[in-house]
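[1] All I have is the shape, not the residue letters:
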């Protein structure tokens, strides 16, 4: 191997840089314009803030629980007569000046909101046919004091 | 004492205790048909149920008899219906500091714990308010003494030797242990039955339950509107490989009620007013980790009403709850569904 193989190749005149007219104007490659990205980030931030505010902040006005209208025929809650399950509870947020519909429950916006399953069970007229006798019962204690 | 033969028949049985006579256990998940023994106690009935096959019937009989005898002794110390009970002696003592024996001291500590776990909705210092509600004391004294808003008493327990304690309280403060006592006794009695992997202590409707892996106890929640009817049937099954422990208790205003001056009254005093609670909850059943906790939270749910009560039970992270309202609604926390039978 000849030592000349390691000498730097002579640059082709085609790729030689042109003489710089001004050393300061082209010292570093130009940066991309940051304004479109800033605008996109700003718009995204507004969108996220809006979503969080809508999900977290409770309504300032009271809400109304409208009695449910949908029913389901059977649930395993009780062993007695057929059960009407009030599953969907409609929450309507009152606007200023609006009043609650008749029969609706007005909920204080500051009150805690429990999650519950509600079933309306008719009191059995007579002893229902038991699925199987059960010895253990949990009952209210005490007795009627005349 | 009542034996199992005096209890309602659990249905067709094979063998004395509802088991195959070869003594094999029921299949995993199958409801336990127990050996049961009952006695009058605490103003009601105390019943003990054990998962005992025929081979252990004699042992089960001895165990239940011993526990019932022990419970009778505890109840005798804790009742307010006897002038010689530890509780009555404490209530009658005019000193600011009164020494009490370990059993009463333990129960007073438990009562303070339940006040905290129910966010102040149960209070064992409301005897005078309750007597007023029963028409046995002046109405005004109840509001003054029991009403937390008008006058709150502070009391403390100073630990003594071997579980005893000294009660520091104003002499006019009197304690009413009532349901707290039943829950506490049920839990303690269940501990005495440690040799039985599956056992239930029923302290007049408040249950302390232990279940062996794979076994199931079925518990019916009474419907107070119709005798022998049930609002729900709980299937309490211990997972394979792990024993389980529950407390199930029911409180309400439809059984223990009376008429004073032509008006209906009940025994659940709202500490915020010192008077019987004004509530839409007729009955609340709570499933928790112990009978003491279940009893206190069930009472608190009734006192609080359905809306606040369910919120309270949710915060307390109970294992389940079934509420009956005066509108005929049965309300249950979602986690209750996993405990309901078919």
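    Thanks, I have the structure now. Keep in mind that this is a model prediction, so the values were computed, not measured. Numbering: from 1, shown residues only, chains lettered A, B, ... in the order given.

[2] Surely residue B:47 is in contact with residue B:41?
    No. With contact defined as Cβ atoms under 8 Å, residue B:47 does not reach residue B:41; the gap is 9.4 Å. Any C-beta I mention is one placed from the backbone N, CA and C, and that applies to glycine too.

[3] more crowded one of those two?
    residue B:47 (26 against 21; other Cβ atoms under 10 Å in any protein chain shown).

[4] Neighbouring strands - and their directions - for the helix or strand that contains residue B:46?
    Using DSSP states H and E, the element containing residue B:46 is strand B:44-50. Strands that pair with strand B:44-50, judged by DSSP bridges, come out as strand B:35-41 (antiparallel), strand B:199-203 (antiparallel).

[5] Please work out the average pLDDT along that strand.
    Predicted confidence along strand B:44-50 averages 92 (mean pLDDT).

[6] next helix or strand past it?
    Downstream of strand B:44-50, the first helix or strand assigned by DSSP H and E is helix B:57-78.

[7] anything in that following helix near chain A?
    No. Applying Cβ under 8 Å from any Cβ of the partner chain, one finds helix B:57-78 separated from chain A by no less than 12.9 Å.

[8] got the buried residues for that helix?
    B:57, B:60-61, B:63-64, B:67-68, B:71, B:74-75, B:77-78 (16 or more other Cβ atoms under 10 Å in any protein chain shown).

[9] And it, what does it pack against?
    When contacts are defined as 3 or more Cβ pairs under 8 Å, 6 or more residues apart in numbering or on different chains; DSSP states H and E, helix B:57-78 sits against strand B:35-41, strand B:44-50, helix B:86-92, helix B:102-117, helix B:178-192.

[10] hang on, the earlier thing: now the weakest link among the strands paired with strand B:44-50, please, by mean pLDDT.
    Of all those, the minimum mean pLDDT falls on strand B:35-41 (a mean of 90).

[11] any idea of the angle that one forms with helix B:178-192?
    140 degrees (axes from the mean of the first three to the mean of the last three Cα atoms, to 10 degrees).

[12] Can you pull out the low-pLDDT segments for the chain?
    Going with chain A. Along chain A, the model assigns pLDDT under 70 to residues A:1-29, A:56-91, A:109-115, A:120-122, A:124-134, A:142-146.

[13] The intended chain is chain B.
    Applying pLDDT under 70 to chain B flags residues B:1-29, B:135-153, B:264, B:342.

[14] where exactly do the helices run in it?
    Assigned by DSSP state H, the helices in chain B fall at B:57-78, B:86-92, B:102-117, B:127-133, B:139-146, B:178-192, B:291-304, B:306-316.

[15] so how far is stretch B:254-271 off the chain centroid?
    Distance of stretch B:254-271 from the chain centroid (Cα atoms, centre = their mean, to the nearest Å) equals 19 Å.

[16] Could you list everything residue B:270 pairs with in the sheet?
    Residue B:270 has these beta-bridge partners by DSSP bridges: residue B:275.

[17] and it, how far is that from residue B:284?
    14 Å (Cβ to Cβ, to the nearest Å).

[18] So these two - more neighbours on which side?
    Set residue B:270 next to residue B:284 and count neighbours by other Cβ under 10 Å: residue B:284 wins out with 31 against 23.

[19] which residue packs closest to the more buried one, ignoring adjacent ones?
    residue B:301 (4.0 Å; Cβ to Cβ, 6 or more residues apart in numbering or on different chains).

[20] which residues touch that neighbour?
    B:251, B:281, B:284, B:286, B:309-310, B:312-313, B:321, B:323 (Cβ atoms under 8 Å, 6 or more residues apart in numbering or on different chains).
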